[in-house]
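[1] any chance you can model this:
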Amino acid sequence: MRVFVVAIVVALQLPAHADPAEDAALLHLDRGIAAFNAKDFSTAEREFAAAHQLVPDKANPYRWLALSEIQLGNCKSAVGHIDGFIARVPPADTRVAEMTRWREFCRRELAQPAQSPQLTGTQALAQPSPPEDTQLRQRWWFWPVIGVAALTITGVTVYAVTRGDEATMLPPIRCDATGCR
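    This next block holds a predicted model:
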């Protein structure tokens with residue numbers, strides 16, 4: 001009996017049958033993440049594509065493949081992988097918001113007309129955005145608004161002071177020996 005219990009305990013501690021395809025995919029994912037962090041996006045893309053081929057039903061290769069393609073300037077392919085990732089994870093997953101933002105970025109990039117030469121990779125993401133945080137007093141409309149406001153306040157003040165309407169005026173205060181009324 002004691003041998004039987006020991007055999008069950010040992011069997012429970014052994015890992016379940018490992019899938020060689022999943023193990024290989026995890027290896028490719030690890031290599032791809034290392035290449036991505038080293039900013040070697042083409043190598044990262046190859047590794048993530050290999051992981052995706054091994055486990056096409058898993059979500060993580062879709063996400064990393066999309067992120068690599070965005071860095072390489074291939075938004076058209078990235079949108080498909082983003083959609084594949086979002087379809088394979090629950091809506092409450094925190095990565096869904098990140099990938100939704102990247103999908104919108106790529107859709108804007110794809111919708112822009114190709115008037116200027118197309119930049120690829122990190123150059124496309126590093127484009128400076130127009131300055132939106134200029135100081136308020138440097139905006140074209142600030143000083144005209146201040147002028148109109150000053151004229152309005154001055155006009156209202158002059159009108160209120162010079163208006164001698166008896167109906168709107170308070171009665172004068174009269175003071176005598178008994179007090180002020």
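
[2] for residue 108, see how far away the residue most central in space within the chain is.
    Nearest to the mean C-alpha position of the chain, by CA atoms, centre = their mean, lies residue 101 at 5.2 Å. According to CB to CB, to the nearest Å, residue 101 and residue 108 sit 11 Å apart. C-betas here are computed from N, CA, C, even on glycine.

[3] hang on, the earlier thing: can you check the pLDDT for the residue nearest to the centre of the chain?
    The score at residue 101 is 90. That number is its pLDDT.

[4] quick check: it is in a helix.
    Yes: using DSSP: H, G, I helix; E, B strand; the rest coil, the assignment for residue 101 is a helix.

[5] need the next SSE after the strand or helix carrying residue 152, C-terminal direction.
    Assigned by DSSP states H and E, residue 152 belongs to helix 142-162. Counting by DSSP H and E, the next helix or strand C-terminal to helix 142-162 is strand 175-176.

[6] elements contacting that following strand?
    For strand 175-176, not one helix or strand is in contact under the criterion 3 or more CB pairs under 8 Å, 6 or more residues apart in numbering; DSSP states H and E.

[7] strands paired with the following helix or strand past it, and their directions?
    Helices and strands here follow DSSP H and E; after strand 175-176, the next one along the chain is strand 179-180. Partners of strand 179-180 in the sheet, by DSSP bridges, are strand 175-176 (antiparallel).

[8] can you list the residues that contact the partner strand?
    Residues from elsewhere that reach strand 175-176 (CB atoms under 8 Å, 6 or more residues apart in numbering): residue 181.

[9] all set, thanks.
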